[in-house]
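Visitor: Need coordinates for the below:
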Amino acid sequence: MNRILIVEDELAISESLKSFLEAEGFLCETAGDHASALEKFENGEYDLVLMDVSLPGGNGFVLCSAFKRIKDTPVIFLTASGDEQSTLMGLELGAEDYVAKPFRPRELVLRIKNVLRRTGRARSIIALGNVTVDTEKGVITKRGAEIRLSALEYRLLLSFINNRGRVMTRSALLEHIWDASGDFVNDNTLTVYIKRLRDKLEDDPQFPTLILTVRNLGYKLAGEE
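Guide: Residues are numbered from 1 along each chain as shown. Modelled structure (predicted):
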């Protein structure tokens, strides 16, 4: 699964973008200023950086240059500055793409996938025991046979995958799939969808080995954090 660093100083935009991209199968971390972004980039492993140009503590062009000196990670600029000069400057610094705000989320996802493929960094296959999830194609198979999931079931599964090994409270799951899908989901509905996922993914849904119940806390997807 591809890891993305989102460098954006407006918290509402940053969190909205993170929620949307994680619902599309990416792992995301955020940074709100020059210093924290540089620290995370130096200490983390990312397949792509989404970066605003206007940042506290230094602009995105300076930060992009610093990133490129450390390692050649693809960069896509996100900015309200859509003028030609800013675009050229970003591309001359080694950015792979430049997207002006406001942007269409689906178009951004396509641009991200194109950059990842072009740079040889696309990683979309996730193995969960005998279940395989292709997050790029949105295809789930079990022992080679395709499993059909509803849109909300798929987003719930991605929520578990993005937090593999971590306990997810029911409230956290409700918040994530509500934000991602826009559908009405309550506590009883969540129980139904978890049961449906287990029925489709588990060998024995009565004794699950993938989606585990953590007593009095919530659920987690089996595997390391």
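
Visitor: Next up, the contacts around residue 104.
Guide: By Cβ atoms under 8 Å, 6 or more residues apart in numbering, the contact list for residue 104 is empty. Where C-beta positions appear, they are placed from N, C-alpha and C, glycine not excepted.

Visitor: same deal with residue 77?
Guide: 51, 52, 53, 60, 64, 90, 95, 97, 98, 99.

Visitor: and the strand or helix carrying the last one, which residues are buried?
Guide: When elements are defined using DSSP states H and E, residue 99 is found to belong to strand 97-100. The neighbour-count criterion (16 or more other Cβ atoms under 10 Å) identifies 97, 98, 99 as the buried residues of strand 97-100.

Visitor: What strands line up against it, and which way round?
Guide: Strand 97-100 sits in its sheet next to strand 75-79 (parallel), going by DSSP bridges.

Visitor: mind giving me the domain split of this protein?
Guide: Here the domain parsing of the chain from automatic domain parsing is 3-118, 125-221.

Visitor: quick revisit: quick one: residues in contact with the strand holding residue 99.
Guide: Outside of strand 97-100, the residues within contact range by Cβ under 8 Å, 6+ apart are 76-82, 86-87, 90-91, 107-108, 111, 114-115.

Visitor: Show the buried residues in the residues you listed.
Guide: 76, 77, 78, 79, 81, 86, 87, 90, 108, 111, 115.

Visitor: ok, the last one - contacts?
Guide: The neighbourhood of residue 115, defined by Cβ under 8 Å, 6+ apart, consists of 48, 74, 76, 96, 97.

Visitor: same thing with the first one?
Guide: Residue 76 makes contacts with 48, 49, 50, 51, 95, 96, 97, 98, 99, 111, 112, 115, as judged by Cβ under 8 Å, 6+ apart.

Visitor: With pLDDT as new columns, can those residues be given to me in a markdown table?
Guide: As requested, the contacts of residue 76 are arranged in a markdown table below (pLDDT from 0 to 100):
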| residue | pLDDT |
| --- | --- |
| 48 | 96 |
| 49 | 97 |
| 50 | 95 |
| 51 | 92 |
| 95 | 87 |
| 96 | 90 |
| 97 | 90 |
| 98 | 87 |
| 99 | 87 |
| 111 | 92 |
| 112 | 94 |
| 115 | 94 |
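
Visitor: quick check, nearest of the residues you listed to residue 196?
Guide: Nearest to residue 196 among those is residue 112, at 29.4 Å by Cβ to Cβ.

Visitor: Would you map the helices across this structure?
Guide: For the chain, the helices defined by DSSP state H occupy 11-23, 34-43, 60-70, 84-92, 105-118, 151-162, 170-181, 187-201.

Visitor: Quick one: closest of those helices to residue 223.
Guide: helix 151-162 (9.1 Å).

Visitor: Show me what the closest one is packed against.
Guide: On a contact count with 3 or more Cβ pairs under 8 Å, 6 or more residues apart in numbering; DSSP states H and E, helix 151-162 meets helix 11-23, helix 170-181, helix 187-201, strand 218-221.
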